[in-house]
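S.K.: I'll drop the sequence and a predicted model, then ask my questions.
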Amino acid sequence: MDNFKAFQSKISDILSKRDVFYVVPRYQRQYSWKEEHINDFWEDLSDEDPTYFLGTLVFNLENYHNKKTKDIIDGQQRLLTITIALAVIRDLFFQLKDRDKSKHIQENYIANTDDDNNSEFKLRPGKGIKDYFLKYIQNEKGTILESRPVTGEEKQVKKNYEILRKEIENKINEFESNEKKIIFLQGLRDKIKNLEIVVIEVEKEEDAFVFFETLNARGLELQTADVLKNLIFKKLQNRENNDLDKDIEQKWETISENLAYDEDETDVTKFIRHYWLSTYKKITEKKLFSEIKNTITNWEQLLSTLQTESFLYRKILYPVQNDWRSEYLTIFKCIKNIKRLNVKQPYSIMLALLRVLDKRDYDQKYKTKMLIDAFIWLENFTFSFTTITGKSPSPLENIYSHYAIKISSVKNKRDLENILINFKKKLKQEFPQEEEFISNFKSISYSTKKKQIDTIKYILERINYAGVDEQLFDNVEVEHIIPQNPGDGWGLTREAIREYVNNIGNLLILGPEYNKRASSKPINEKIAYYEGSTIKMTKDFAEFLKTHSDWQRIDVDNRAKELAKLAWELWKI
């Protein structure tokens, strides 16, 4: 690749050029800098060191000679954030009634203004935030603090503006006079202008694509999904058919929206990899792009398939009961529980199973109770293999991928059932032995980590609902029978109970209000709260306590053994 140049520069040199505009290409990812990125950015700006290296910016000059635009290949997150920061400083200059400095930022670093006072903005964001960014960030009369963003991307822009504005206002409020406040803003403005960068410019789209692949291969900012998106757009782009281009954009946008919930955005690369694992072969994330590039010939079909698959994958990421017919609520509950266990390796085979269930002729050609059973096996195996034994789930990807690919190619119910029978046999081979399961279960212990609390709630809820259809409370807390901080009525010290107070045998689930009231009360006073609970396990335990006036370590150990035996019967395949 000969047609490129690289040079050292500063942000002021980039944004102050009056004959160039910077465009975020449609294949780029959404604006996604979160609070932690903004905090890091502000920390760097607040550092006393006057120099700050921002990194490398890559531009494609293909449209520069006739349209005066440079496509941003790498660096859009930083350039958008810098523009937000400059907008904050502009607005604060205006608030402090220094309109000349406010206007200077607007006309030199945010907009290009000609002799007739017509403005065109230097930065052209992606479609998702283009209108919002123009109206509330780039427009000097925008009132972003009063705006009502709709999309997750727009909300992120407003949130980042608010974070930076709050940080800067906190700083300038340390000064009493407007003059000193303005001097501080000048210094901050100049530091942003002097941010050091390395600029790489390429002459055509093909060279830009090479940079995409190179950056990805070196583990830099771009992800496989970004590179794949670029390749798909490159393969399918039709400069003479705007409707086709819009259709491509819409399909990718649908994929991104399906993998996002509120401000939670899932890595599209992980989705594509799970799709590949369930359809083609086991592949590492590093090799995924090359594998796709060398395998796919029909890129339009791939994009359509990914769009369809993203609807199924969303059911795994964000399980919602209303998405399921009553006869398949068991599948919903299993998916929700596997997600609670925070293990993602089963996603490939779950996706394959949902793919079969989603077939138009499923009821006539494939319908079998074993498909529902397969989700039960997956949940029970995931909990027993990973949570109970503590083994890494990573090696299981080979197993899941192997059977997922087989499931994806079934032609009828008999084929499906035969594959599922073999899958069940394989899970049973890998399943822990009863002695190992019970031994490890008895040692389960409460901790303040959210993941462990969720696990204990899951265990106690499943045991509580054993044998009935209903499952999962929306709002329960873990109750320590012997309190972590025992009151005078217990006659125990924290040191004396340290080894067993958090053991599974000493834990119940209880509504938050009862949990708060029971707190560190003596055992005979806790009975009333347990008895008033609507939770079967807790009510049964209240009855047990009526005939057992004391609760000691031996009782904790015995209950742990009983729960372990019950759990083995409940979770074994």
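M.R.: Cool, the structure landed.
S.K.: what about the helix or strand where Trp377 lies, average pLDDT?
M.R.: Trp377 belongs to helix 369-382 when assigned by DSSP states H and E. Per-residue pLDDT over helix 369-382 has a mean of 97.
S.K.: by contact count, what packs against the helix or strand just after that helix?
M.R.: Sequence order places helix 396-408 as the next helix or strand after helix 369-382, per DSSP H and E. Using 3 or more CB pairs under 8 Å, 6 or more residues apart in numbering; DSSP states H and E, the elements in contact with helix 396-408 are helix 268-279, helix 347-357, helix 413-430. Using the backbone N, CA and C atoms, a C-beta is placed for each residue, glycine as well.
S.K.: so Ala87, which of the three states?
M.R.: helix (DSSP: H, G, I helix; E, B strand; the rest coil).
S.K.: ugh, typo on my part, it should be Ser9
M.R.: Criterion first, three-state DSSP; result for Ser9: strand.
S.K.: Tell me, how many residues neighbour the nearest residue to Lys424 once chain neighbours are set aside?
M.R.: Closest residue in space to Lys424, ignoring its immediate chain neighbours: Trp377 at 5.8 Å, by CB to CB, 6 or more residues apart in numbering. When neighbours are defined as other CB atoms under 10 Å, Trp377 has 18 of them.
S.K.: go on, Leu288?
M.R.: Neighbours around Leu288, by other CB under 10 Å: 19.
S.K.: what about it, which helix or strand?
M.R.: helix 285-295.
S.K.: And that helix, what's buried?
M.R.: Leu288, Phe289, Ile292 (16 or more other CB atoms under 10 Å).
S.K.: Name the next helix or strand downstream of it, please.
M.R.: Assigned by DSSP H and E, the successor of helix 285-295 is helix 299-317.
S.K.: Can I get the next helix or strand after that next one in CSV, CA atoms only?
M.R.: The helix or strand immediately downstream of helix 299-317 is helix 329-340, counting by DSSP H and E. Provided in CSV are the C-alpha atoms of helix 329-340 (Å, rounded to 0.1, in the frame of the first residue of the first chain):
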residue,chain,number,x,y,z
LEU,A,329,-42.3,-20.9,29.5
THR,A,330,-40.0,-23.6,30.8
ILE,A,331,-37.5,-22.6,28.0
PHE,A,332,-37.8,-18.9,29.1
LYS,A,333,-37.1,-19.8,32.7
CYS,A,334,-34.1,-21.9,31.8
ILE,A,335,-32.6,-19.2,29.6
LYS,A,336,-33.2,-16.7,32.4
ASN,A,337,-31.4,-18.9,34.9
ILE,A,338,-28.5,-19.6,32.7
LYS,A,339,-28.1,-15.9,32.2
ARG,A,340,-28.2,-15.5,36.0
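S.K.: distance of Gln186 from Ile192?
M.R.: Gln186 sits 11 Å away from Ile192, going by CB to CB, to the nearest Å.
S.K.: Which residue of the two possesses the greater neighbour count?
M.R.: Between Gln186 and Ile192, counted using other CB under 10 Å, the more crowded position is Ile192 (21 against 14).
S.K.: Ser533 versus that one, what's the distance?
M.R.: 58 Å.
S.K.: Same question for Phe423.
M.R.: 39 Å.
S.K.: And Leu492, by the same measure?
M.R.: Following CB to CB, the distance that separates Leu492 from Ser533 is 24 Å.
S.K.: quick one: which of the two has more around it?
M.R.: Shown here are Leu492 and Ser533; by other CB under 10 Å, Ser533 has more neighbours (21 against 17).
S.K.: ok, now which ones touch the nearest residue to Ser408 once chain neighbours are set aside?
M.R.: Leaving aside its chain neighbours, Ser408 sits nearest to Ala352 (4.9 Å; criterion: CB to CB, 6+ apart). By CB atoms under 8 Å, 6 or more residues apart in numbering, Ala352 lies in contact with Ser278, Thr279, Tyr403, Ala404, Ile405, Ile407, Ser408.
S.K.: do Lys103 as well
M.R.: Glu140.
S.K.: any idea of the mean pLDDT for the helix or strand where it lies?
M.R.: Assessed by DSSP H and E, Lys103 sits inside helix 99-105. What helix 99-105 shows for mean pLDDT is 94.
S.K.: swap in stretch 346-355?
M.R.: In the prediction, stretch 346-355 has an average pLDDT of 97.
S.K.: now stretch 487-497
M.R.: Mean predicted confidence for stretch 487-497 is 84.
S.K.: Repeat that for stretch 400-413.
M.R.: On average, stretch 400-413 scores 96.
S.K.: Other residues contacting it?
M.R.: Under CB under 8 Å, 6+ apart, the answer for stretch 400-413 is 277-282, 345-346, 348-349, 351-353, 355-356, 365-368, 416, 419-420, 422-423, 426.
S.K.: just to revisit the earlier point, how about the helices and strands packed on helix 396-408 in TSV, adding distance to Glu196?
M.R.: Listed next are the helices and strands packed on helix 396-408 as TSV, based on distance: least, CB to CB, whole Å:
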stretch	distance to Glu196
helix 268-279	30
helix 347-357	42
helix 413-430	54
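S.K.: Can you give me the domain assignment for the chain?
M.R.: Domain ranges of the chain: 4-207, 224-315, 319-432, 456-571, per automatic domain parsing.
S.K.: what bits of this structure have low per-residue confidence?
M.R.: 1-4, 27, 49-51, 113-118, 205-224, 237-245, 262-266, 467-474, 512-516, 518 (pLDDT under 70).
S.K.: now the strands: where do they sit in it?
M.R.: For the chain, the strands defined by DSSP state E occupy 4-10, 21-23, 53-60, 69-74, 111-113, 119-121, 123-124, 196-202, 260-261, 264-265, 477-480, 507-510.
S.K.: Would you convert those strands into a markdown table that also reports mean neighbour count?
M.R.: Supplementary listing: the strands of the chain in a markdown table, determined by neighbours: other CB atoms under 10 Å:
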| stretch | mean neighbour count |
| --- | --- |
| strand 4-10 | 13 |
| strand 21-23 | 20 |
| strand 53-60 | 19 |
| strand 69-74 | 23 |
| strand 111-113 | 17 |
| strand 119-121 | 15 |
| strand 123-124 | 20 |
| strand 196-202 | 18 |
| strand 260-261 | 17 |
| strand 264-265 | 14 |
| strand 477-480 | 20 |
| strand 507-510 | 24 |
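S.K.: To Val150, which of the ones you listed lies closest?
M.R.: strand 260-261 (13.3 Å; CB to CB).
S.K.: Tell me how far that closest one lies from the chain's centre.
M.R.: How far strand 260-261 lies from its chain's middle: 8 Å, per CA atoms, centre = their mean, to the nearest Å.
S.K.: what does stretch 496-504 give?
M.R.: That offset, for stretch 496-504, works out to 35 Å (CA atoms, centre = their mean).
S.K.: Next, the distance between the ends of that stretch.
M.R.: 17 Å (CA to CA, to the nearest Å).
S.K.: Over to stretch 317-326?
M.R.: 20 Å.
S.K.: contact partners of it?
M.R.: Leu259, Tyr261, Thr266, Lys315, Leu329, Ile331, Phe332, Ile335, Lys336, Lys339.
S.K.: And Ile11, how far from Asp247?
M.R.: 37 Å.
S.K.: ok, now Ala6?
M.R.: Applying CB to CB, the value for Ala6 to Asp247 is 36 Å.
S.K.: just Asn337 next, same as before
M.R.: Taking CB to CB, one finds Asn337 at 38 Å from Asp247.
S.K.: Of these two, which one has the most company?
M.R.: Asn337 (22 against 15).
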